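> Sharing a model that was predicted from the sequence below.
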2 protein chains.
Amino acid sequence: MPFSASPMEPGGIIGILGGGQLGRMIAMAAARLGLRSHVYCPDPDSPAFDVCAEKTVAAYEDEAALRRFASSVGVVTYEFENVPARTAEVLAQVRPVRPDAAALAASQDRLVEKEFVASLGIATAPFLAVDTAGSLARAVAQLGRPSILKTRRFGYDGKGQTVVKEGTDLAVAFRSLGSVPCILEGVVPFEREVSVVAARALDGAFSAYPVCENRHEHGILQRSAAPAAVAPATAAQAVAIARTIADALGYVGVLAVEMFVTRENGAEALRVNEIAPRVHNSGHWTSDATACSQFEQHVRAICGWPLGATALLGAGVEMENLVGAAASGWRRLLGCEGVALHLYGKAEERPGRKMGHWTRIVPASCDKPADDERNPDATG
Amino acid sequence: MPFSASPMEPGGIIGILGGGQLGRMIAMAAARLGLRSHVYCPDPDSPAFDVCAEKTVAAYEDEAALRRFASSVGVVTYEFENVPARTAEVLAQVRPVRPDAAALAASQDRLVEKEFVASLGIATAPFLAVDTAGSLARAVAQLGRPSILKTRRFGYDGKGQTVVKEGTDLAVAFRSLGSVPCILEGVVPFEREVSVVAARALDGAFSAYPVCENRHEHGILQRSAAPAAVAPATAAQAVAIARTIADALGYVGVLAVEMFVTRENGAEALRVNEIAPRVHNSGHWTSDATACSQFEQHVRAICGWPLGATALLGAGVEMENLVGAAASGWRRLLGCEGVALHLYGKAEERPGRKMGHWTRIVPASCDKPADDERNPDATG
């Protein structure tokens, strides 16, 4: 770590690769701490460009632009795990990239990711590598149907995957994903999906937010709530798993670990589903419900600063994504008591596109409020 | 109100006159709601420029620049009350300016302000107009010593005022303020200083944050805490006073009303000290301790949107300004449990300059925490 001896200070500039809502929220958290942001993104309409001091519109393969960008900042981070290895390498020649290449390598490829997690003694879904239609047939014979065929790379929000059911033509399924290297995962019968959003500081300090529970629809996160309805021992184990992963990677920054809660021999058990080496959608509620949001926590970590407080300010919190047309309900949501609305400033509303989210804190002094006519879930 | 029929929508642009920390925090709140900000300020190093989509560096007297600026936005607001009348007039010819000229007129001139408040039947400190050294002598004879001589215009953070004590040479005192029109105010023996930060929506709806208590040092706000330690009836009266003022002005946006709490005939009484037609330093804690900050509330109001929730998320909250060199303690503050740090990105640290602030919520489940070694007030 040749650069770790030069910590960032307020007034400095952080570099953010990627200009979507995650980059936007990182930039806003950095600004709150007196830092400026330089956002690098090929898309000239990037939401993060509206809240940053400097921007670069260039391809992730433009090495001259990458070098100029890195030279202008004190530290580089990113909002998405599919940063090309060469991009990260070029940037890292100029400035520290946090999290580093090891984190990217461990999370960009589903097979590498699962093998890495398994190597730490942490349970995952059963999985097998699939490189041809023939190897898919052998894998399905072993893991059974239904099982899930996923591309090893570039999958997100349910993209790059297909379910292998009874009657699925395996050759067609393999071709439908582009005949690229894949992984077949056995289906885990889970009780709930949870995630741990946590941070590891430059000095190795670790801090996790309360475990939250997630609900996906059509492969896209729809709703998160914290704390998750799991046994305290399960929550502690989930945090311990995230810490084991972060420590093994020598990780610096915020990461999210998605897990399935299963019932094995009558007790709750955990299987890791996915690692995201970045701030995560299932941690958006931290902006409204903790003293230090995941975005600020990430900024603190990459700057070499101490980590902030992760305790819930209320008894609980719920977060719901506004996907596609759901964002058109913004005015009604503005009128819902205690609802904090976040919109990402995206010009075009498309089906499946994350346009914003809302959160609501359950006050510490009472239980979850009863649904009433002001409930954000109500339609109309 | 020729423009009130065209409400703003997410994706729209708000115009902010003034690029200091208040404009910066308004811009960040607007971004959270999917709005973009265009900041207008003569100073090219304005803190708000780091978080806005568009900026104009031009003088407040540059009418062509003002017209271009107003044409590019849906609604204009400002972060300081000393907007020249002609500037507001030029802008209002193009787009709605909220709060409007009436709010500026009522707060730019201390004499007009006091006469306006008094005309509503609301108590103030005793006051007299002073235009010459001779009229100062007559006013001092009436209000006694000590009393406070203030310029009618352009005063803030303790600037533009001097105390008339025993032995003070009145001609020297008047000249020391520039021999400009002044007001002499009698000293009010107060128990505490409080303020009400409140908002009035385009449709006349009104909402106030809990009354907070303020402590000034050298004329600069040093610390605020909410809720203020006053009787419930006093708090209710303070809010009623703010509402009376907002209604009388047909106000749209967030305003702050500073008041003295006195003891009269054994009971608490209130006297209005000052009106700020804008978001206010004594409301900074709302960013961390309510679902809708004063900055978001202001944006909602000027956009014609419904007002948000103003309830405290905890049992209480404290806010302290980081003035001048105090900001150099940022790293220690980052390590204080539950402290939310805000830095304004100002390049140059000057004595008396507000560089940032911190807040801390007192959790609902317990009383104010005991001071310990992690207390932000501790030096070192």
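Structure's in. What do you need? Numbers count the residues shown, from 1 in each chain, chains lettered A, B, ... in the order given.

> Residue A:171 is in contact with residue A:133, isn't it?
Yes: under the criterion of CB atoms under 8 Å, residue A:171 makes contact with residue A:133 at 4.5 Å. C-beta here means a position set from N, CA and C on the backbone, and glycine is covered the same way.

> Give me the residues contacting the longest helix along chain A.
Using DSSP state H, we find that the single longest helix of chain A is helix A:232-249. Residues outside helix A:232-249 that contact it (CB atoms under 8 Å, 6 or more residues apart in numbering or on different chains) are A:99, A:102-103, A:106, A:116-117, A:120, A:122, A:194, A:196, A:198, A:200, A:204, A:206, A:208, A:210-211, A:227-228, A:230, A:251, A:255, A:257, A:259, A:261, A:268, A:270, A:272, A:275, A:277.

> cool, and stretch A:129-137?
So stretch A:129-137 is in contact with A:111, A:128, A:139, A:149, A:164, A:170-171, A:173-175, A:179, A:181-184, going by CB under 8 Å, 6+ apart.

> Would you mind identifying the next helix or strand past the helix or strand containing residue A:15?
Assigned by DSSP states H and E, residue A:15 falls within strand A:13-17. Once the chain leaves strand A:13-17, the next helix or strand it forms, by DSSP H and E, is helix A:21-32.

> Next, the angle from that next one to helix B:21-32.
Angle of helix A:21-32 versus helix B:21-32, following axes from the mean of the first three to the mean of the last three CA atoms, to 10 degrees, is 170 degrees.

> Show me the helices in the stretch 1-150 of chain A, by range?
A:21-32, A:63-71, A:85-92, A:101-108, A:110-119, A:133-143 (DSSP state H, counting those that start in this stretch).

> now, of those, which is deepest in the fold?
helix A:21-32 (a mean of 28; mean count of other CB atoms under 10 Å in any protein chain shown).

> mind exporting it as PDB, just the C-alpha atoms?
The C-alpha trace of helix A:21-32 is given here as PDB (Å, rounded to 0.1, in the frame of the first residue of the first chain):
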ATOM      1  CA  GLN A  21     -27.200   6.900  -7.800                       C
ATOM      2  CA  LEU A  22     -24.600   5.200  -5.600                       C
ATOM      3  CA  GLY A  23     -21.900   7.500  -6.900                       C
ATOM      4  CA  ARG A  24     -24.300  10.400  -6.400                       C
ATOM      5  CA  MET A  25     -24.900   9.400  -2.700                       C
ATOM      6  CA  ILE A  26     -21.200   8.900  -2.100                       C
ATOM      7  CA  ALA A  27     -20.500  12.400  -3.500                       C
ATOM      8  CA  MET A  28     -23.100  13.900  -1.300                       C
ATOM      9  CA  ALA A  29     -21.800  12.200   1.800                       C
ATOM     10  CA  ALA A  30     -18.300  13.300   0.900                       C
ATOM     11  CA  ALA A  31     -19.500  16.900   0.500                       C
ATOM     12  CA  ARG A  32     -21.000  16.800   4.000                       C
END
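
> Please work out which residues outside it touch it.
Contacts to helix A:21-32, defined as CB under 8 Å, 6+ apart, come from residues A:14, A:16-17, A:36-37, A:39, A:41, A:46-48, A:50-52, A:77, A:79-80, A:278-279, A:284, A:287, A:293, A:295-296, A:298-299, A:344-346, A:354, B:24, B:28, B:31-32, B:50-51, B:341-343, B:345.

> Buried subset of the residues you listed, written for ChimeraX?
Buried subset of the contacts of helix A:21-32, written as a ChimeraX selection, criterion 16 or more other CB atoms under 10 Å in any protein chain shown:
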select /A:14,16,17,36,37,39,41,46,47,48,50,51,52,77,79,278,279,284,287,293,295,296,298,299,344,345,346,354 /B:24,28,31,32,50,51,341,342,343,345
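
> Which ones among the contacts of helix A:21-32 lie within strands?
Using DSSP state E, A:14, A:16-17, A:36-37, A:39, A:77, A:354, B:341-343 are the members of the contacts of helix A:21-32 that sit in strands.

> Make CSV from those and add distance to residue A:318 and pLDDT to it.
Formatted as CSV, the ones in strands among the contacts of helix A:21-32 follow (distance: CB to CB, whole Å; pLDDT from 0 to 100):
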residue, distance to residue A:318, pLDDT
A:14, 30, 98
A:16, 28, 98
A:17, 31, 98
A:36, 33, 97
A:37, 29, 98
A:39, 30, 98
A:77, 28, 98
A:354, 17, 96
B:341, 27, 97
B:342, 26, 98
B:343, 31, 97
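
> In CSV, list those along with distance to residue B:330.
Listed next are these as CSV, based on distance: CB to CB, whole Å:
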residue, distance to residue B:330
A:14, 16
A:16, 21
A:17, 26
A:36, 15
A:37, 18
A:39, 24
A:77, 20
A:354, 33
B:341, 6
B:342, 10
B:343, 6
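
> Ramachandran angles for residue A:11?
phi 100, psi -20 (degrees, to the nearest 10).

> distance of it from chain B?
To chain B, residue A:11 is 6 Å away according to CB to the nearest CB, to the nearest Å.

> how about the longest strand seen in chain A, does it reach chain B?
Taking DSSP E as the criterion, chain A has its longest strand at strand A:253-264. No: Strand A:253-264 stays clear of chain B (CB under 8 Å from any CB of the partner chain), getting no nearer than 15.8 Å.

> Could I get the buried residue list for that strand?
A:253-262.

> If you compare the directions of the following helix or strand past it and helix A:232-249, what angle comes out?
The helix or strand immediately downstream of strand A:253-264 is strand A:267-276, counting by DSSP H and E. With the same axes, to 10 degrees defining the directions, strand A:267-276 sits at 30 degrees from helix A:232-249.

> Which strands or helices does strand A:267-276 pack on?
Counting contacts by 3 or more CB pairs under 8 Å, 6 or more residues apart in numbering or on different chains; DSSP states H and E, strand A:267-276 packs against helix A:101-108, helix A:110-119, helix A:232-249, strand A:253-264.

> what's that strand in contact with?
Contact with strand A:267-276 is made by A:81, A:106-107, A:110, A:113, A:117, A:122-125, A:188, A:190-191, A:193-194, A:230-231, A:233-234, A:237-238, A:241, A:245, A:255-263, as judged by CB under 8 Å, 6+ apart.

> Take the buried residues of strand A:253-264 and write them to JSON lines, including pLDDT.
Compiled in JSON lines, these are given as follows (pLDDT from 0 to 100):
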{"residue": "A:253", "pLDDT": "98"}
{"residue": "A:254", "pLDDT": "98"}
{"residue": "A:255", "pLDDT": "98"}
{"residue": "A:256", "pLDDT": "98"}
{"residue": "A:257", "pLDDT": "98"}
{"residue": "A:258", "pLDDT": "98"}
{"residue": "A:259", "pLDDT": "98"}
{"residue": "A:260", "pLDDT": "98"}
{"residue": "A:261", "pLDDT": "98"}
{"residue": "A:262", "pLDDT": "97"}
